[in-house]
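Participant: model this:
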Amino acid sequence: MELTITPKAEKFIDRMIRFNGGTPEHGFRLSVSPGGCSGLSSEFSIEAGPLEGDAVIEASGLKLFLPAESRILLEGATIDFKDTPMESGLTFITPQSGNCGCSSSGESHGDHSGPATISIASIQRKH
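Facilitator: A predicted model of the protein is given here:
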């Protein structure tokens, strides 16, 4: 699988794992599905290990757990982290997202070009 994770995204993922009580075995589970104005909607959480069917992608000592459908949708993607006064969260730049950019809430940026952006509010804490 071809997937690029930028240093900013790696730093964000590492912090989320640590802030949620993660150990070196924990990972960042990213589930992406078709939907939303960007063509993608997603959910992610911190997990103790991969779920059945998840692939484990390791980058800079971090573990990213990806279900099968997510792997297909993220093939060739770049995962970045954006932190601006207007938005904060992971940004997915995929070959399929060239026509529209929007947040996971479905809010359109109106420029109809650019990456799909997933808000950090989408993160689910494990209790």
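Participant: neighbours around residue 5, how many?
Facilitator: When neighbours are counted by other Cβ atoms under 10 Å, residue 5 registers 21. C-beta coordinates here come from the backbone N, C-alpha and C atoms, glycine included.
Participant: what's near enough to touch it?
Facilitator: Each residue near residue 5 by Cβ atoms under 8 Å, 6 or more residues apart in numbering is listed here: 13, 59-60, 62, 64, 78-79.
Participant: quick check: buried residues in the longest helix seen in the chain?
Facilitator: Among all segments of the chain classified by DSSP state H, the helix with the greatest residue count is helix 7-19. For helix 7-19, the buried set under the neighbour-count rule, 16 or more other Cβ atoms under 10 Å, comprises 9-10, 12-13, 16-17.
Participant: got it, and stretch 60-75?
Facilitator: Neighbour-count burial for stretch 60-75 flags 62-67, 70-71, 73-74 (criterion: 16+ other Cβ under 10 Å).
Participant: now intersect the contacts of residue 5 with the strands, please.
Facilitator: 59, 62, 64, 78-79 (DSSP state E).
Participant: circling back: which one of the contacts of residue 5 is nearest residue 1?
Facilitator: Nearest to residue 1 among the contacts of residue 5: residue 64, at 10.5 Å, using Cβ to Cβ.
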